[in-house]
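Enquirer: Structure of the sequence below:
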Amino acid sequence: MKLEHIAPATGRLASRTTRTSKKKGGFLDALAETCNVARAAELAGVARSTVYDWRVADSDFADEWEHALDLGADALEDEATRRAVEGVDEPVFYQGKACGVVRRYSDTLLIFLLKGRRPEKYRDRPLQGIGDKQTTGAGGGVVRFILTVPGVSDEELAL
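Expert: This is a model prediction of the structure:
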């Protein structure tokens, strides 16, 4: 094995798949559609390790990769919104035979969408503080307050 067959950026064997605009475009299109690197590489007919080598060697390709992932995430978000708001038809069976459909909505997807769009309003708030600030103890834990009043016993305070 000659030294020039080692990709300097990764230290792995250099890919034998030539980076053509057709192969790059096929991978990026598939990545935008699937939001999955392994599946996109498979659909484009390129080894997964090859596209990672291309990303390291080509900053423009790396930028296009990120853009494709953003497009894919947008598509996933659109589908989550559709399932949460419009619902999906699921078949109903009786004695092994389809007899109709029922529309199902996903409350869980709706919750995640709201938390993602408006985290300041829908985030989990285990402990509220004063005003807009959250009060937490060491390591984000619970804060314990001990009230002492001169001349009043602990038993009287417990009432």
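
Enquirer: Please give me every residue in contact with residue 48.
Expert: 37-38, 41-42 (C-beta atoms under 8 Å, 6 or more residues apart in numbering). From N, CA and C alone the C-beta is placed, and that goes for glycine too.

Enquirer: any idea which of those has the most stuff around it?
Expert: residue 41 (22 neighbours; other C-beta atoms under 10 Å).

Enquirer: ok, and the closest non-adjacent residue to it?
Expert: residue 48 (4.5 Å; C-beta to C-beta, 6 or more residues apart in numbering).

Enquirer: for the one helix or strand residue 111 maps to, packing partners?
Expert: If you go by DSSP states H and E, residue 111 is part of helix 107-117. On a contact count with 3 or more C-beta pairs under 8 Å, 6 or more residues apart in numbering; DSSP states H and E, helix 107-117 meets helix 59-81, helix 119-122.

Enquirer: out of the ones you listed, which comes closest to residue 102?
Expert: In terms of C-beta to C-beta, the element of the helices and strands packed on helix 107-117 nearest to residue 102 is helix 59-81, at 19.7 Å.

Enquirer: buried set for the closest one?
Expert: 61, 64-65, 68-69, 71-72, 80 (16 or more other C-beta atoms under 10 Å).

Enquirer: Sort out which one of those residues lies nearest residue 94 for me.
Expert: Nearest to residue 94 among these, with distances taken as C-beta to C-beta, is residue 80, at 30.6 Å.
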